[in-house]
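S.K.: Next one to model:
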Amino acid sequence: MSAGQRHAGGRPRAFDEERALDGATEVFWRLGYEGASLAELTNAMGINKPSLYAVYGSKEELFVRALQRYGESYHEHLRELLAHPRAYDVIESYLRATAKSVRAGTLPGCLSIQGGLSCAPNNARIPQLLADYRRGIENAVEKALAATEDASHLDVAALAGYAVTIGQGLAVDAAAGVPQARLDAVVEVALAGLAVSMDRPAAR
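M.R.: Numbers count the residues shown, from 1 in each chain. The predicted structure is shown next:
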């Protein structure tokens, strides 16, 4: 019997870990790591505090598991977005999809931004986890760019950094309530600049 199938007293209990982690993700996204109380987390997860500790060990480890689940789902989607033969198309697909996704659903923005860019010293691991997560996205974009037909003529690392930095800015703006039309306009400007730098006609 796994830890996810028993509560703190060791007696069997129904436990849907995927649903519980989705609930925890929503709370961390909405309130940030430090703002997410155990009461909010356990209520969203449908478990009690002893069960949370029995299954995950700590709030920090719960955050690690929630971020891991969130990342696995996103990267599966990201691979599809980035599957294009030319570098411009990779970045265009990424930016247009990001502009839409950060305004989709009930929570604008992105967990990697709202989760906690800064925390108290005793929670210093959280910003680093989120920085590593964002670096993982940049690595995925760079890998996709490196596989394109025109990769040999490009600084794929710089282009990946460009795309992901803009994507993060879109997430911050979305969380602040910036409307979809404004986010889309930013993407158009970014793509126009990219087209010039790559000596490619801008999309009309």
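
S.K.: List the buried residues of stretch 103-123.
M.R.: Using 16 or more other CB atoms under 10 Å as the test for burial, stretch 103-123 gives 103, 108-116, 119. Heads up, the C-betas are built off the backbone N, CA and C, glycines and all.

S.K.: sorry, that was for stretch 65-75
M.R.: 65-67, 69-71, 74.

S.K.: got it, and stretch 51-64?
M.R.: Across stretch 51-64, burial judged by 16+ other CB under 10 Å covers 51-56, 59, 62-64.

S.K.: got it, and stretch 133-143?
M.R.: Those would be 133-134, 137-138, 140-142, for stretch 133-143 by 16+ other CB under 10 Å.

S.K.: In helices only, show me the buried residues of stretch 51-64.
M.R.: Among the buried residues of stretch 51-64, the residues falling in helices (DSSP state H) are 51-56, 59, 62-64.

S.K.: so which of the residues you listed comes closest to residue 42?
M.R.: Residue 42 lies nearest to residue 52 out of those, by CB to CB, at 5.6 Å.

S.K.: rewinding a little: any chance of the buried residues of stretch 133-143 in TSV with pLDDT as columns?
M.R.: As requested, the buried residues of stretch 133-143 are exported to TSV (pLDDT from 0 to 100):
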residue	pLDDT
133	89
134	91
137	94
138	96
140	95
141	97
142	97
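
S.K.: got the contact list for the helix or strand bottoming out on mean pLDDT in the chain?
M.R.: The helix or strand with the lowest mean pLDDT-type score in the chain, counting by mean pLDDT, DSSP states H and E, is helix 111-114 (a mean of 78). With CB atoms under 8 Å, 6 or more residues apart in numbering as the test, helix 111-114 has contacts from 25, 28-30, 32, 67, 70, 107, 130, 133-134, 137, 168, 171-172, 175.
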